[in-house]
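# This is a predicted model, with the sequence first.
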Amino acid sequence: GAVVSQHPSWVICKSGTSVKIECRSLDFQATTMFWYRQFPKQSLMLMATSNEGSKATYEQGVEKDKFLINHASLTLSTLTVTSAHPEDSSFYICSAKTRETQYFGPGTRLLVL
Amino acid sequence: AQTVTQSQPEMSVQEAETVTLSCTYDTSESNYYLFWYKQPPSRQMILVIRQEAYKQQNATENRFSVNFQKAAKSFSLKISDSQLGDTAMYFCAFRGMDSNYQLIWGAGTKLIIKP
């Protein structure tokens, strides 16, 4: 099956620093990847759609200058949380799509102190 | 706009029993995809089963099967011979054909399998 990796699995950082999260499709090419945020006991909230070779499309209310997305290759998308603050602490999940289905990475737990 | 509703916030059954999770959706499209994803305590989102709306036959994956009622816009998941490892959050999701592959998510059902 399609495998998606995500790194790091968890990160603790100081307020004001930037954190980069990588999402890779390991055994397939993905022209489109998605970044989600999940609050405790809630469903996934789509943050942005990442398209290889073009600018990401952000959902309403998501600050594109704060959550920088780069999809530089068919197997890698990165999410950089810039100048992180405690309210950015959350669980971030990426997914990569095949023709019909989204497959998900294992997620990244971010804690901003 | 499409919506997905999961009306059961939490369910629990004994191991080896059969359990059915409900999902209803609203759309004006005639062709689309429906999914059930499982999120265990590890929080890894795992695809359980997929149904294409134009296929009348209900999808089946081992102990997991769906009851897809297109006219009623219902898409329930049946888990047979439930196992402890089935304990997880289960999310129903909808994907239209013109949605740039974005998924519309239900709120989830927490399923607990008791030994």
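Thanks, I have the structure now.

# which residue is nearest the middle of the chain?
In the absence of a named chain, chain A is used. By CA atoms, centre = their mean, chain A has its centre lying nearest to A:W35, at 3.8 Å.

# think we crossed wires, I meant chain B
In chain B, the C-alpha nearest the mean C-alpha coordinate belongs to B:W36, at 3.2 Å (CA atoms, centre = their mean).

# what's in contact with stretch A:5-20?
With contacts defined as CB atoms under 8 Å, 6 or more residues apart in numbering or on different chains, stretch A:5-20 is touched by A:21-24, A:26, A:78-86, A:93-94, A:105-113. For the C-beta atoms, the positions are set from N, CA and C on the backbone; glycine is no exception.

# related to what we said a few turns ago, so which helix or strand takes in the residue nearest to the centre of chain B?
Using DSSP states H and E, B:W36 falls within strand B:32-39.

# Could you check how far that strand is from the centre of its chain?
Computed by CA atoms, centre = their mean, to the nearest Å, the chain-centroid distance of strand B:32-39 equals 5 Å.

# what pLDDT does residue 69 get?
Picking chain A for this. For A:I69, the model assigns a pLDDT of 95.

# switch to chain B, that's the one I care about
On pLDDT, B:Q69 comes in at 96.

# just A:T17 next, same as before
A:T17 carries a pLDDT score of 97 in this model.

# State the distance from it to chain B.
Distance, A:T17 to chain B, using CB to the nearest CB, to the nearest Å: 24 Å.

# before we move on, what about A:L79?
Look at A:L79 and chain B: by CB to the nearest CB, they are 16 Å apart.

# Let me know the helix or strand that that residue is in.
Using DSSP H and E, A:L79 falls within strand A:76-81.
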